[in-house]
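# fold the following, please.
(one chain, ligands or ions: 1)
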Amino acid sequence: MSRSLVLNATYEPLSVVASRRALVLVLAERAELVHPSERYFHSERVTVPEPSVVRLCRYVKVPYQTRVALNRRAVFARDGHRCQYCGATAENIDHVVPKSRGGTHTWDNVVASCRSCNARKEDRTPHEAGLVLRSHPAQPRNRMWAVIAGGSVLPDWEQYLGASPALSA
Ligand SMILES: [Zn+2]
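Numbering: from 1, shown residues only. Below you'll find the predicted structure:
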């Protein structure tokens, strides 16, 4: 099923929906077509490009604190695909305070890490393992993270998701 990125009236990314639904928004003049995809939607009377990106005509208020799904893809993107202990290419998700020590599976306790730091750390805290975190992990606040966490990002969308080097890594 093809998907479309929905932008708020302010061009902030809001969500990803089925392209057919995005097309309905455009035809109902509730959204404008920003980027067509290369596919077309055919009906009896018209042939219209399937949207890749649409923008809502009216601003939609979103709660300030949006829950962003915590998954490997999103954590890697947040951390720029770099080990947060040594800067090498990340391959694992590390729980800063190990789960076996009561650490939680939450944004503020997970970081991307390389295999060797992850192995070196084992069931210890960074301090015990002689490792230093390069950044303080936190939950991403921007809606773009919800989009990133939700699945693959199409090339047309990238410019609306912020100039994040994390996306291309
Ligand atoms: Zn490392």
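
# only C-alpha atoms for contact and neighbour calcs from this point on.
OK.

# report pLDDT for L167.
Looking at L167, its pLDDT stands at 45.

# N92 contacts S116, correct?
No - using CA atoms under 8 Å, N92 is not in contact with S116; the gap is 9.5 Å.

# more neighbours: the two, which one.
Comparing N92 with S116 by other CA atoms under 10 Å, the one with more neighbours is N92, at 21 against 14.

# need the residues touching each of N92 and S116.
Taking CA atoms under 8 Å, 6 or more residues apart in numbering as the criterion, N92 and S116 do not both touch any residue.

# tell me what the longest strand along the chain is packed against?
Identified as the longest strand of the chain according to DSSP state E is strand 31-42. Contact analysis of strand 31-42 by 3 or more CA pairs under 8 Å, 6 or more residues apart in numbering; DSSP states H and E lists helix 19-27, strand 47-56 as its packing neighbours.

# cutoff 6 Å now
strand 47-56 (3 or more CA pairs under 6 Å, 6 or more residues apart in numbering; DSSP states H and E).

# buried stuff in the strand it packs on?
Neighbour-count burial for strand 47-56, counted by 16 or more other CA atoms under 10 Å, picks out P49, E50, P51, S52, V53, V54, R55, L56.

# and the residue lying closest to N118 once chain neighbours are set aside, what is it in contact with?
Once flanking residues are discounted, N118 sits nearest to D94: 6.3 Å by CA to CA, 6 or more residues apart in numbering. By CA atoms under 6 Å, 6 or more residues apart in numbering, the residues touching D94 are V110, V111, S113.
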